[in-house]
Every structure is written in C-alpha cells, then in structure tokens.
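# Predicted coordinates and the sequence they were generated for:
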Amino acid sequence: MTSYKCFDCGKKIIAKTLDKRFVCPHCGSRIFYKPRIKMKTVKSI
Ligand SMILES: [Zn+2]
C-alpha cells in the first residue's frame with residue numbers, strides 16, 4: 001500500500017485518502033513525499 005507523508009504536518013496519509021483530491025486531510029497542504037525514500041535530514045539553522 002502506498003502511503004505518503006505530509007510535508008507540512010508530517011502526518012501519514014494513505015494514498016487512498018488522496019484518491020480524488022490531492023490535499024492533506026489534516027492541514028490542507030498539497031506537498032507530500034514518500035517516506036520510503038530515505039532522505040537525509042539536514043538541519044538548517
Ligand atoms: Zn498535512
């Protein structure tokens with residue numbers, strides 16, 4: 001099952017939830033990323 005993480009609130013979103021409208025149900029953000037891809041967290045400031 002594909003799931004995303006909201007870039008804004010960081011909550012997990014299952015792809016089914018984004019079936020028709022690609023908006024975070026928690027905060028309304030439209031920016032997501034796939035948590036499967038390991039991203040190096042770089043602290044800036
Ligand atoms: Zn969100």
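Thanks, I have the structure now. Please read these numbers as outputs of a predicted model, since none were measured by experiment. Residues are numbered from 1 along each chain as shown.
# Now do the strands in this structure.
3-6, 12-14, 32-33 (DSSP state E).
# pretty sure Cys6 is touching Ile31, no?
Yes. Cys6 is within contact range of Ile31, at 7.4 Å (criterion: Cβ atoms under 8 Å). Glycine gets a C-beta too; all of them are placed from N, C-alpha and C.
# Which residues of the protein lie near the ion?
Applying Cβ under 5 Å from the ion, we find that the chain lies next to the ion at 6, 8-9, 24, 26-27, 29.
# just to revisit the earlier point, which one, of the strands of the chain, ends up nearest to Ser44?
Nearest of the strands of the chain to Ser44, taken as Cβ to Cβ: strand 32-33 at 17.0 Å.
# The closest one: partners in the sheet, and parallel or antiparallel?
For strand 32-33, the pairing partners within the sheet under DSSP bridges are strand 3-6 (antiparallel).
# which parts of the strand it pairs with are buried?
4-6 (16 or more other Cβ atoms under 10 Å).
# Among the residues you listed, which one sits closest to the ion?
Nearest to the ion among the buried residues of strand 3-6 is Cys6, at 3.1 Å by Cβ to the ion.
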